[in-house]
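Visitor: quick one: sequence plus predicted model below, questions after.
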Amino acid sequence: MSRVGKYPVVVPAGVELSINNNTVTAKGKLGELSYSFDDSHVATKFEDGKVTVTPLSLSNSARALWGTTRARINDMIKGVSEGFTKDMELVGVGYKARVEGKNLVLSLGFSHEVLFETPAGIKITCASPTQISVFGADKQLVGQVAAQIRKYRKPEPYKGKGVKYANESVRRKEGKKK
């Protein structure tokens, strides 16, 4: 069982944190994020530049929300100060991506180009035609956008063609033999 909840979250300089009732709000150079937690299971306290989360009981749900609340607050603080990035690669002949305004245009072997509209709070860049970087302050939103882009053409196991995460390894299968 993880005990991540017992460690305090250090708030760096440049991040403004406020706790009102059951809502934690963090403001930093990359924006503002807020998180509402269940105050019947956990309590949060902000003092001396550190946030501590404590369970109000020893029930399973309180212990689960203890670690979850601490992790979400940590991700908010890291997000508004540094941000999160997901790097992706396009593998395949003719597969390429480019950014046009606020939209990502993908050529993935279909008869048409796929147009992906970038949501608010996310910045997508293409260092080369086969590399995509998704950047934002909200960790969950960055992961969701990357998953939606990957969903257009998942990597297949025979040639490895498709959209994959940069650190993802595709399990390859042996092709048909004569």
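Guide: Yes, it's here. Residues are numbered from 1 along each chain as shown.
Visitor: please name the bridge partners of Val24.
Guide: For Val24, the beta-bridge partners are Ile19, Tyr35 (DSSP bridges).
Visitor: now do the contacts for the residue nearest the centre of the chain.
Guide: Geometric centre of the chain, nearest residue: Lys139, 3.0 Å, by Cα atoms, centre = their mean. By Cβ atoms under 8 Å, 6 or more residues apart in numbering, the contact set of Lys139 is 75, 78-79, 84. The C-beta positions use only the backbone N, C-alpha and C, and glycine is treated the same way.
Visitor: what do you get if the cut-off is 7 Å, keeping everything else the same?
Guide: 75, 79, 84 (Cβ atoms under 7 Å, 6 or more residues apart in numbering).
Visitor: for these, which one is nearest Gly5?
Guide: Closest approach between the contacts of Lys139 and Gly5, by Cβ to Cβ: Asp75, at 13.8 Å.
Visitor: quick one: the closest one from Lys29, how far?
Guide: 16 Å (Cβ to Cβ, to the nearest Å).
Visitor: these two: which is more packed in?
Guide: The neighbour count for Asp75 versus Lys29, taken as other Cβ atoms under 10 Å, is higher for Asp75 (19 against 11).
Visitor: what helix or strand is Ala62 located in?
Guide: helix 60-81 (DSSP states H and E).
Visitor: that helix: which residues count as buried?
Guide: The neighbour-count check on helix 60-81 (16 or more other Cβ atoms under 10 Å) flags 62-81 as buried.
Visitor: stretch 82-97 now?
Guide: 83-84, 86, 88-92, 95, 97.
Visitor: biggest separation within these, which pair?
Guide: So for these, where distance means Cβ to Cβ, the most widely separated pair is Gly83 and Gly92, at 29.2 Å.
Visitor: now for the nearest residue to Asp38 once chain neighbours are set aside: which residues touch it?
Guide: Among residues not flanking Asp38 along the chain, Leu65 sits closest, at 5.9 Å (Cβ to Cβ, 6 or more residues apart in numbering). By Cβ under 7 Å, 6+ apart, Leu65 lies in contact with 37-38, 41-42.
Visitor: surely Val24 touches Arg72?
Guide: No: counting by Cβ atoms under 7 Å, Val24 does not reach Arg72; the two are 8.2 Å apart.
Visitor: for Pro157, see how far away Gly175 is.
Guide: From Gly175 to Pro157 the distance is 10 Å (Cβ to Cβ).
Visitor: where does the prediction get shaky in the protein?
Guide: The model of the chain has pLDDT under 70 over residues 1-2.
Visitor: can you give me the strands in it?
Guide: Secondary structure of the chain (DSSP state E): strands at 9-10, 16-20, 23-28, 31-36, 42-47, 50-55, 84-91, 96-100, 103-107, 114-117, 122-128, 131-136, 162-165.
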